[in-house]
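Enquirer: how does the following fold in three dimensions:
(chains A and B)
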Amino acid sequence: MLKKLTAVLLLATAFSVPGVAYAKDATLAIRMTGYQGPPAYLAVYLTKPDGSYDSTLWVAGTQSKYYRHLRGWIQGVSGSGERLDGITGASVGSGRTMEVGITIADALIDAGYTIHVDSAVEHGAENQDDVVLPLTSANSGTVVSGSGYISAMAVTF
Amino acid sequence: MIRRFHSLAGLAAGVIVALMAITGAVLSLQPVLDHLATPSSGSMSVAALAEAVSAQLPGVTRITHAASGAITAYYDAGAGELAASIDPATGNVLGATAPSPVFAFFTELHRSLFLNMNGRVASGLAALAITVLSVSGLVLLANRLGGWRKLFTTAKGTLSQRLHVELARMGVLGLIVSGASGIAMSLNSFGLLPGTDAPMTAFPSNVDGGTPAAISTLSALQGLDLSSLRELTFPYLGDVTDVFSVITANGQGYVDQGTGAWLSFTPNGLGQTIYETIYMLHTGQGLWWFGALLGLASLSVPALAITGGLIWWVRRRNQPRLVGNVPARHADTIILVGSEGNSTWGFATTLHAALTQAGHKVHAAAMNSLAASYPSARQILVLTATYGDGAAPASARNFAARLRHFTPVPGQRFAVLGFGDRSFAQFCHFAEETQQAMLDRGLKQLLTYESIDRQSAQSFAKWGNDLGAALGHELTLVHAPVVPVTSTLALLDRTDFGTEVQAPTAVLRFALPAGEVGLIDRLLGRTQALRFEPGDLVGIVPPGETIPRYYSLASSSRDDVLEICVRKVSGGVCSEFLHGLEPGQTISAFIKRNPDFRPQPGRAPVILIGAGTGIGPLAGFVDGNRRHQPYYLYFGGRDPASDFLYAPLWRAALADHRLAGLATAFSRVVGGRYVQDSVREDAANIRKLVASGAQILVCGGRDMAAGVRDSIDYCLAPAGETVTGLRAKGRYLEDVY
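Expert: Next comes the predicted model:
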């Protein structure tokens, strides 16, 4: 029994330890404004210090046919070949709050990377860069406000 | 089986399906309003439009072209995007626009009930439910009317049943389209329909990056007509590496803002094109008139849900309470019941209980529910009454047809027990027919055919002994007859006719007991409530008796009087009792609805043929003909001086056009003849009336009704029409006693 447990624990650490070495678990919280319309699609992604697309952190909204409305993000992600499995969730309704766990590589923090959020609503506006937040340790937990459908956002890592 | 499935699905999904239908009907108005509000478009290139819009709205980010033809430009005004509607003919800004909050609300309610994913699942299940209900309902209707070709023949039954059938026939095609396309849209929203969504196309890597050219000079946009544009997204202002994204009716692609060339274009797949069509059919976007038709069709759903619920409830309430009814496939004994009222069901319930107590697994059902086979059954016991002139009672009308598809299991045996009244000529005729049909089907007899006269509990007990002997155990059937719930009515007045011609006939008028019955009761077709129309029946239980006798009603409950016309039959317990009544004396009575014997509404003529007391309900119809529909009455009596029933009514009705024509026939005068003779003499007129859509209603004795059928067949032969043909269309109705 004990042997079995040890084996399981060993197996678990074998998978998790390499991740811990270079990634941080972070929490992404977003509160939406009160608006007219169905739940919004959001894309939360990182850009490199030169402003070019780096990687996706989270996508709210599952139907890929609407992704083209998340304009800044779709340009980057469409050519990246990234898989969105595991970092996609439900779209977020008017006035709702979303909180999800994301993973950010340690090496990107305080290295000139920036978090962007694009938002769009069916028959409504498309907001490229609804929120822009430099990925710095100082910004961890800082509440910033959005310019479109997002009322407020905070990333804690 | 299908009926049960249809009922249960309807009960389970009724509310949500009705909600979906109502919200869908509201949403169907959107394409119609958009169609009315959108100016017609000219022929214009996308380049010219984009140039015009960008000149007026410098911050323009995208232009959309809706299926309705409406063009909307979105532009960045510093604090978020704003929308403006654009004139499709000129490209001029018409003014600010915003999505209608009303339609946005109903869209979200319709597709997710404001419950996000769970709501979307519910909405998809509602689409599945309406499709399943429509299809099962169609099959049920075809079964009930006797085949697919008879799908549009007259619906019969109570008000709720007729409403249910009529509304369903009007709406069903639309509902199937809405439901099936709704299922597809729901599956698509869960990503379960591969190939229906536009693929994510890669952002082009071959962007020129040079100085942006004037929009009007971009060749790709010049070559694109506005009519095929769906959406044009402008490059991000000041970003020379960004491009125009274009979605057309055929696909999507990117256009270089410097060179004006197509950088890439991905045509729509077949799946996408099919899905777009499904979307258009469901929403009416791009096909506003079709959407409006679907919206109208879906308005039938709430009424169908309500009437369907009522029908289920009434059927359930009228179903005898059988304790421990075993499913048909597990039962060793099947009891099949043919019953017009519920009295035969009473005997079946007694039999069911006794057999169950003796250790049998018993299944009882209406004869109409005959299955294709009963795999576990050793014996099939048929208990049936006979209706009218030897016809099948209500719960056995489809039995003969179903028996043709019935396969007996080897060793299965049967017994038929008929219920009736020996004073009628066609005593137990249908039961005898059933006996013969079962033999013809290759089934072996368990017991010889027997009949029960006037609900005799003794005869029934004896048959039970015989059955027990055949099954090899004791079987004691103690039947307590079900006495209907009656009201007490006092005689107001009576008018006597026909004593001089040996046909004493009385028109008896009774006061109704106080107390109103509401609209709901009428919708429910409540049989025991004192709410009635001419042509319905009143069951009267003579003192000291348990078996009611039925008489056709000559008045409506709205007249606040119950009127019947009774001929005195010597030895007839009830007629002698009624003829002995003096004003103030009372009877015990209840109402039995007879909704299938009614004149058709509308403008078409109605031919009423009656003799003797059969005139009663016809008088009621004429009296209530306030819309002056052309009614023609053929009246049969013995002597105008003695039994000219309702003569004052006919005079008044002819004067005020409630009656368009009256022909009389008297049999005990010089040159006497019967009513069927006067019908025959009037052949040309009958033919003309039937050609113009007339319906024929016959009420009277058995012999008279047979004579009238012959006469009508004779009249219509030159026109190639028959009584049988008219009957199938609901245009030949009989009330025969």
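Enquirer: B:Trp313 - how many residues pack around it?
Expert: 13 (other Cβ atoms under 10 Å in any protein chain shown). No exception for glycine: its C-beta is placed from N, CA and C like everyone else's.
Enquirer: quick one: it is in a helix?
Expert: Yes: assessed with DSSP: H, G, I helix; E, B strand; the rest coil, B:Trp313 lies in a helix.
Enquirer: isn't B:Pro595 right up against B:Ser160?
Expert: No: B:Pro595 lies out of contact with B:Ser160 (Cβ atoms under 8 Å); the separation is 10.2 Å.
Enquirer: neighbour count winner among these two?
Expert: B:Ser160 (22 against 15).
Enquirer: anything in the helix or strand harbouring that one near chain A?
Expert: Here B:Ser160 sits within helix B:159-189, counting by DSSP states H and E. Yes: against chain A, helix B:159-189 shows contacts by Cβ under 8 Å from any Cβ of the partner chain at B:Ser189.
Enquirer: could I get the buried residue list for that helix?
Expert: Within helix B:159-189, the residues that qualify as buried are B:159-165, B:167-169, B:171-172, B:174-186, B:188-189, counting by 16 or more other Cβ atoms under 10 Å in any protein chain shown.
Enquirer: burial count for B:Tyr551?
Expert: 25.
Enquirer: now do the helix or strand it falls within: everything it contacts.
Expert: Here B:Tyr551 sits within strand B:549-552, counting by DSSP H and E. If you take Cβ atoms under 8 Å, 6 or more residues apart in numbering or on different chains as the criterion, strand B:549-552 is touched by B:534-542, B:564-566, B:573-575, B:592, B:594, B:613-614, B:616-617, B:699, B:735, B:737.
Enquirer: enumerate the residues of the stretch 151-300 of chain B near chain A.
Expert: Proximity of the stretch 151-300 of chain B to chain A (Cβ under 8 Å from any Cβ) is limited to residues B:189, B:191, B:197-198, B:200-203, B:205, B:233, B:236, B:242, B:245, B:252.
Enquirer: for the residues you listed, work out which two are farthest apart.
Expert: B:Ser189 and B:Ser205 (32.2 Å; Cβ to Cβ).
Enquirer: give the contact list for the residue of chain A found nearest chain B.
Expert: Residue nearest to chain B within chain A (Cβ to the nearest Cβ): A:Ala125, separated by 3.3 Å. Going by Cβ under 8 Å, 6+ apart, A:Ala125 touches A:Gly148, A:Tyr149, B:Tyr74, B:Gly80, B:Glu81, B:Leu82, B:Ala83.
Enquirer: next one: residue 51, what pLDDT does it get?
Expert: Assuming you mean chain A. As predicted, A:Gly51 sits at a pLDDT of 90.
Enquirer: wait, chain B
Expert: Value for B:Glu51, per-residue pLDDT: 94.
Enquirer: neighbours of the nearest residue to it once chain neighbours are set aside, just the number please.
Expert: Nearest non-adjacent residue to B:Glu51, counting by Cβ to Cβ, 6 or more residues apart in numbering or on different chains: B:Ser216, 3.9 Å away. Neighbour count of B:Ser216, defined by other Cβ under 10 Å: 17.
Enquirer: relative to A:Arg31, how far out is A:Ala154?
Expert: 9 Å (Cβ to Cβ, to the nearest Å).
Enquirer: same check, this time on B:Gly258
Expert: 41 Å.
Enquirer: tell me how far the helix holding B:Ser160 lies from the chain's centre.
Expert: 13 Å (Cα atoms, centre = their mean, to the nearest Å).
Enquirer: mind checking the pLDDT average for that helix?
Expert: Mean predicted lDDT for helix B:159-189 stands at 92.
Enquirer: helix or strand right after that helix?
Expert: Per DSSP H and E, the first helix or strand lying C-terminal to helix B:159-189 is helix B:219-222.
Enquirer: give me the contact list for that following helix.
Expert: In contact with helix B:219-222 (Cβ under 8 Å, 6+ apart) are residues B:45-48, B:50, B:215-216, B:232, B:244, B:246, B:255, B:260-262.
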